[in-house]
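Colleague: got a structure for you, letters missing:
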């Protein structure tokens, strides 16, 4: 009998806890609104940041050295950028892909390992510090296998980079 009472109280306690499993907005933000907010927050960092469109959505590309130090830890500047970006991500009501690219490393396995760890570090920071929803973030470490032939000149110039891609699912053919 005591076990049932304890279990009932425990279930009631769990039901009263605040949970971050539901998106805080009911309508997805248009890509133009996301672009405007990002331009407003990251104005003046053009040599480290590229904004543009892909065939499936909007992309924010950030130079790797702005986000991480040589040991692979997030820098203070990277944390400030993620703080600002996390606010936009939470309120966008959209899924964000975090794609990390690097040509550093002796083998492709080294490059994929390095980029996967960095994508995970970004996701961990956004979920732990900024309370972004884990179901909104999709981290992928590409190493150097992501072709750059279709990337714009601005993104190619960044070299090792992190792409934050929000897709629209309306295929853009223009």
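Modeller: Structure received. If you're wondering where the values come from, they're calculated on a predicted model, not measured in any experiment.

Colleague: quick one, phi psi at residue 65?
Modeller: Residue 65 adopts backbone torsions of phi -70, psi -20, taken as degrees, to the nearest 10.

Colleague: Okay, it and residue 72: tell me how far apart.
Modeller: Residue 65 sits 12 Å away from residue 72, going by CB to CB, to the nearest Å. All C-beta spots, glycine's among them, are computed from the backbone N, C-alpha and C.

Colleague: neighbour-wise, which of these two wins?
Modeller: The residue with more neighbours, out of residue 65 and residue 72, is residue 65; 16 against 11, by other CB atoms under 10 Å.

Colleague: so the more buried one touches residue 160, yeah?
Modeller: Yes. Applying CB atoms under 8 Å, one finds residue 65 in contact with residue 160, separated by 7.3 Å.

Colleague: how long is stretch 52-67 end to end?
Modeller: Terminal residues of stretch 52-67 lie 19 Å apart, using CA to CA, to the nearest Å.

Colleague: how about that stretch: buried residues?
Modeller: By 16 or more other CB atoms under 10 Å, the buried positions in stretch 52-67 come out as 54, 57, 58, 59, 60, 61, 62, 63, 64, 65, 66, 67.

Colleague: roughly how far apart are the residue lying closest to residue 45 once chain neighbours are set aside and residue 5?
Modeller: Leaving aside its sequence neighbours, residue 45 sits nearest to residue 66 (CB to CB, 6 or more residues apart in numbering; 7.8 Å). As judged by CB to CB, residue 66 and residue 5 stand 55 Å apart.

Colleague: Okay, helices next: where are they in the protein?
Modeller: If DSSP state H is used as the criterion, the helices of the chain fall at 2-16, 31-41, 64-67, 76-92, 108-128, 153-158.

Colleague: low-scoring stretches of the chain, by residue?
Modeller: Flagging of the chain using pLDDT under 70 yields the residue ranges 4, 6-25, 44, 145-158, 169-174.

Colleague: what sits against residue 115?
Modeller: 100, 101, 102, 141, 142, 143 (CB atoms under 8 Å, 6 or more residues apart in numbering).

Colleague: buried subset of these?
Modeller: 100, 101, 102, 141, 142, 143.

Colleague: Save the residues you listed as a markdown table, and put in distance to residue 89 too.
Modeller: Below are the buried ones among the contacts of residue 115 laid out as a markdown table (distance: CB to CB, whole Å):
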| residue | distance to residue 89 |
| --- | --- |
| 100 | 16 |
| 101 | 20 |
| 102 | 23 |
| 141 | 19 |
| 142 | 20 |
| 143 | 24 |
